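Colleague: sequence isn't available, so here's the structure alone:
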């Protein structure tokens, strides 16, 4: 079987949750001896002909096809215009290749293809991951951005043969857009076994919290910063941030540390392993990879109950809060500052257990292949 995988870049050349998912899809398809035409892009052209993020054996089954990403200026709506032009270039590149049994589309990469689906014999499946344009937003600017995305996303899902959902509330969102339940395939994202600790690290005597993510309004960093700043004078705890946070947004305290953006996996693993609790207070999410990475590292989790987060986090390994609710966020942090060590270790151990049960790629890819074979 051959699969054409339409992506907007793959990890580690392009950083992001969808890009990491594309990397793992290609890798595990190849490990199962399925041929992959991997269509990808990046902000630069100096990528190796044979992608060095895959092993020599994996590269026997992966054919990388680089498609330059078009720049359309910075006027409002430029991203939609760029993605449409990129999707057209992907379609043209696909037409020059041999037939694929199935086309797996990531996000808006299939806009042009799905508008011209009558020209394609292959079945097409699409995955929009977070579907943030249909979730709660933090401000009016975000609501305007949502409005621009809703139409193209809804149209692409309706034109696809199947729509992949990460689960939880995302399945409901997809159905609400007029997609028949028979077309929705629910499959989570996952992790490679190399992430999993056999057991969590010993709990810090002074609880250590961590946030991982880029500075983006929907991530809830403003609310988190406000709560942490309020609590520092009355409570003993420490907080670390991984991500590109501007200096003027940073808390000035010896108990708060900012690492900046980190792409090295071993460094991220070390920081996570040394922490106790991950905090993910987003207004909207899909199924955050960072939550899975923190769970595999043996952390308890505080997270907003958005997207498919409830598939990852429950009372056995953390606390679910309402998006944008600073009182709930403060209460959750306070609760885990004062939780007995034995109870916190139970939460941390349960995170590792849940990863092993539900979120390993060697199991997830078999489910993916099974569903694709059904439709092809």
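Modeller: All right, it came through fine. Note that the structure is predicted; figures quoted are calculated from it, not measured.
Colleague: so where do the helices sit in this protein?
Modeller: All helices of the chain, identified by DSSP state H, fall at 17-31, 56-59, 78-95, 111-115, 140-159, 169-176, 221-231, 265-274, 289-296, 309-312, 326-338, 341-358, 361-375.
Colleague: average pLDDT for the first one, rounded please.
Modeller: Rounded to a whole number, the mean pLDDT of helix 17-31 is 95.
Colleague: and the angle for it with helix 289-296?
Modeller: Using axes from the mean of the first three to the mean of the last three Cα atoms, to 10 degrees, one finds that helix 17-31 and helix 289-296 are set 70 degrees apart in direction.
Colleague: what's in contact with helix 17-31?
Modeller: Around helix 17-31, the neighbours that count as contacts under Cβ atoms under 8 Å, 6 or more residues apart in numbering are 3, 5, 7-13, 36, 38, 40, 53-54, 57-62, 104, 106-107, 127, 129-130, 189-190, 192, 286, 288-290, 361-362, 364-365, 368-369. For glycine as for every other residue, the C-beta is placed from the backbone atoms N, C-alpha and C.
Colleague: give me the buried entries from these.
Modeller: 3, 5, 7-11, 13, 36, 38, 40, 53-54, 58, 61-62, 104, 106-107, 127, 129-130, 189-190, 286, 288-290, 361, 364-365, 368-369 (16 or more other Cβ atoms under 10 Å).
Colleague: which residues does the helix or strand bottoming out on mean pLDDT in the chain contact?
Modeller: Every helix and strand in the chain was compared by mean pLDDT, DSSP states H and E; the lowest is helix 140-159, with a mean of 89. Helix 140-159 is touched from outside by 76-77, 80, 84, 105, 108, 110-111, 114-115, 117, 124, 126, 128, 131-134, 137, 163, 174, 177-179, 217-218, 283, with contacts defined as Cβ under 8 Å, 6+ apart.
Colleague: and stretch 112-125, which residues are buried?
Modeller: 112, 113, 114, 115, 117, 120, 122, 123, 124, 125.
Colleague: mean confidence score for that stretch?
Modeller: 94.
Colleague: check which residues of stretch 126-140 are buried.
Modeller: So, applying 16+ other Cβ under 10 Å, buried residues of stretch 126-140: 126-138.
Colleague: and it, how far apart are its ends?
Modeller: 29 Å (Cα to Cα, to the nearest Å).
Colleague: I'd like the distance between residue 84 and residue 70.
Modeller: As for residue 84, its distance to residue 70 is 9 Å (criterion: Cβ to Cβ, to the nearest Å).
Colleague: more neighbours: which of the two?
Modeller: In terms of neighbours (other Cβ atoms under 10 Å), residue 84 is the more surrounded of residue 84 and residue 70; the figures are 17 against 14.
Colleague: name all residues that make contact with the more buried one.
Modeller: Contacts of residue 84 by Cβ under 8 Å, 6+ apart are 108, 111, 112, 152.
Colleague: residue 218: what's it in contact with?
Modeller: 132, 137, 138, 142, 282, 283, 284.
Colleague: I'd say the fifth one and residue 291 touch.
Modeller: Looking back up the chat, that one is residue 282. No: counting by Cβ atoms under 8 Å, residue 282 stays clear of residue 291, with 10.1 Å between them.
Colleague: overlap in contacts, those two.
Modeller: What both residue 282 and residue 291 touch, as defined by Cβ under 8 Å, 6+ apart, is the set residue 303.
Colleague: neighbour count: the two, which is higher?
Modeller: A count of neighbours by other Cβ under 10 Å puts residue 282 above the other of residue 282 and residue 291, at 28 against 25.
Colleague: measure the more buried one to residue 87 for me?
Modeller: 27 Å.
Colleague: for residue 314, same thing?
Modeller: For residue 314 relative to residue 87 (Cβ to Cβ), the value is 37 Å.
Colleague: out of the two, which sits in the more crowded spot?
Modeller: Taking other Cβ under 10 Å, residue 314 and residue 87 do not tie; residue 87 has more neighbours (25 against 15).
Colleague: out of the contacts of residue 84, who's the most crowded?
Modeller: Compared across these, residue 111 has the highest neighbour count, 25 neighbours, by other Cβ under 10 Å.
Colleague: got the contact list for it?
Modeller: Counting by Cβ under 8 Å, 6+ apart, residue 111 makes contact with 83, 84, 87, 152, 155, 156.
Colleague: give me that answer again for 7 Å
Modeller: 83, 84, 87, 152, 156 (Cβ atoms under 7 Å, 6 or more residues apart in numbering).
Colleague: dump those to a markdown table, plus distance to residue 264.
Modeller: As requested, the contacts of residue 111 are arranged in a markdown table below (distance: Cβ to Cβ, whole Å):
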| residue | distance to residue 264 |
| --- | --- |
| 83 | 29 |
| 84 | 34 |
| 87 | 32 |
| 152 | 35 |
| 156 | 35 |
